[in-house]
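Undergrad: Need a 3D model of the sequence below.
(one chain, ligands or ions: 2)
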Amino acid sequence: KKKVILDVDTGIDDAIAIMLALASPELEVIGITTVSGNIDLESATKNTLKVLKLIGREALPVFKGALKPLWRSIRYAKEVHGDCGLAGQLAELQPGEPSEVDAGTFIKSQLEQYPGEITLIMTGPETNLGVLLMQDRDLALKFKEIIVMGGVAEGRGNESPVAEFNIAIDPEAADLVFHSGAPLTMVGLDVTRKALLRKTDIDALTASPDIKKFVDQVTMEYRQRFLAINGFEACLMHDPLAVAVAIDPSLVKCIHRYVGIETESRYCDGQTVCDFDGRWGKSPNAQVCIGLDAERFIELLTTRLNRY
Ligand code: BDR
Ligand code: CA
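TA: Ligands and ions are numbered 1, 2, ... in the order given. Reported below is the predicted structural model:
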C-alpha cells in the first residue's frame, strides 16, 4: 500500500479524486491538506470535510494550508467550480473541523516519520509544498514520489493560452517543486483532456443513490458547458487521473524529460516548458504523461465509485 497525502483545492474534480483515493485499497491515505486555488482556502477546506462526511470518512484528518500563492495575488476558478467550489452541492451538509495542525507541519512530520515512503498527490496549486521547500530544500529527498496534476507539455493551456490553472496560479511554487529533486510525475492536460467522464458513465453507476446523485449533480453545469462546445455531455477528470496514476501507473505512458516553469514572461507565465528533444542538455526532472488508456481509466474510476 502506498502511504498517500492528498493536497487539494476542493472543487468538482478534486472531490471525485478524494472519493477515488479513499475507495482504493492500493492507497493508504494518511491525511488531506488543503490550499487556495479553485476556491478560497476556507471553502476548499469545508468542501473537503463535506466530501469526507458524504462518504463516511470524517475521521480522516484535514489540514489547512496556504491562504494564497507564494508571491502572486489570489485568483480562483469560480466560473468552473461555482461560488462555493462544488457547483452548489452539499450546501446543507455540516462539515467537520479541520485539524489545528497546519498542512506544512503535517507533511513535514510525515516525511520525518516515514522517510522514502510518502507519495504526495497535488491536485491544486503547489503552494503548500512550495512553502515547505523554501524552509528546507532537503525535505524533497524524503518523498517516495510526487504526483502533480498540472501543466501541459504540448498544446494549449486552460488558464492562459499556454498555462494550465494549477501551475498558472502559483508558478513560483511549481518552479520549486519541479526543481526539488524529488521523483515527480506530471499529469498534465496532455492526458487529463482525454479523461472524460461522460453522462452515460454516470448513468451507469451502481454506487449508492447519494453518491450517484452527488457525482451527477456536481458535474452537471460543467457537462452542460462541455456539451455546448463539444456536442456531448462530459466532465474532465483532471484530478481523479492524478490519483489513478498513483493506483496504476500503467494507465499512462510517460517520457522522462526536463520541464522548466516559466515565471518571468510577459505572456507565458505558468507555462511548463518540456524539453522533448533534450536541447538544453539538462537532466530530466519529471516523468511527463503523454498517453492515456482512457477506457481503462474510466473503468477504474467508475468501479471504485461503485464501492460506495
Ligand atoms: C485543474 O484546475 C482545477 O480547475 C481542477 O480542479 C484541476 O485541478 C485543471 O486545470
Ligand atoms: Ca484541483
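
Undergrad: what does the stretch 201-308 of the chain put close to ligand 1?
TA: For the stretch 201-308 of the chain, the residues in contact with ligand 1 (C-beta under 6 Å from any ligand atom) are 238, 239. For glycine as for every other residue, the C-beta is placed from the backbone atoms N, C-alpha and C.

Undergrad: quick one: the helices in the stretch 201-308 of the chain?
TA: 209-218, 220-230, 238-247, 294-305 (DSSP state H, counting those that start in this stretch).

Undergrad: With mean pLDDT and distance to residue 154 as new columns, can the ones you listed be given to me in CSV?
TA: Shown next, in CSV, are the helices of the stretch 201-308 of the chain (pLDDT from 0 to 100; distance: least, C-beta to C-beta, whole Å):
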stretch, mean pLDDT, distance to residue 154
helix 209-218, 97, 30
helix 220-230, 96, 20
helix 238-247, 98, 16
helix 294-305, 98, 17
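
Undergrad: deepest of these, which one?
TA: Comparing these by mean neighbour count (mean count of other C-beta atoms under 10 Å), helix 238-247 comes out on top with a mean of 27.

Undergrad: Summarise which helices and strands it is packed against.
TA: strand 2-8, helix 12-22, strand 27-34, strand 118-122, strand 143-149, strand 184-187, helix 189-192, helix 294-305 (3 or more C-beta pairs under 8 Å, 6 or more residues apart in numbering; DSSP states H and E).

Undergrad: Of all these, which one is nearest ligand 2?
TA: Checking the helices and strands packed on helix 238-247 against ligand 2 by C-beta to the ion gives helix 12-22 as the closest, at 4.3 Å.

Undergrad: what is the orientation angle of the closest one with strand 27-34?
TA: Angle, helix 12-22 to strand 27-34, by axes from the mean of the first three to the mean of the last three C-alpha atoms, to 10 degrees: 150 degrees.

Undergrad: Confidence-wise, which helix or strand of this protein is lowest on average?
TA: Scoring the helices and strands of the chain by mean pLDDT, DSSP states H and E places helix 78-81 at the bottom, with a mean of 85.

Undergrad: helix or strand right after that one?
TA: helix 103-113 (DSSP states H and E).

Undergrad: what sits up against that next one?
TA: 3, 5, 7, 30-31, 33-35, 61, 63-66, 99, 101, 118, 120, 128-129, 131-132, 135-136, 139, 142-143 (C-beta atoms under 8 Å, 6 or more residues apart in numbering).

Undergrad: if you set the cut-off to 7 Å instead, what comes out?
TA: Here helix 103-113 makes contact (C-beta atoms under 7 Å, 6 or more residues apart in numbering) with 5, 30-31, 33-34, 63-65, 118, 128, 131-132, 139, 142-143.

Undergrad: So which residue is dead centre in the chain?
TA: Geometric centre of the chain, nearest residue: residue 123, 1.4 Å, by C-alpha atoms, centre = their mean.

Undergrad: got the contact list for the residue in the stretch 151-300 of the chain positioned nearest to ligand 2?
TA: Proximity of the stretch 151-300 of the chain to ligand 2 (C-beta to the ion) peaks at residue 239, 4.8 Å away. By C-beta under 7 Å, 6+ apart, the contact set of residue 239 is 13, 14, 17, 123, 149.

Undergrad: ok so, going back, let me know the closest of the contacts of helix 103-113 to ligand 1.
TA: Closest approach to ligand 1 among those (C-beta to the nearest ligand atom): residue 34, at 12.6 Å.

Undergrad: about what we covered before: adding distance to residue 173, write the helices and strands packed on helix 238-247 out as CSV.
TA: Formatted as CSV, the helices and strands packed on helix 238-247 follow (distance: least, C-beta to C-beta, whole Å):
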stretch, distance to residue 173
strand 2-8, 11
helix 12-22, 17
strand 27-34, 13
strand 118-122, 10
strand 143-149, 11
strand 184-187, 13
helix 189-192, 18
helix 294-305, 27
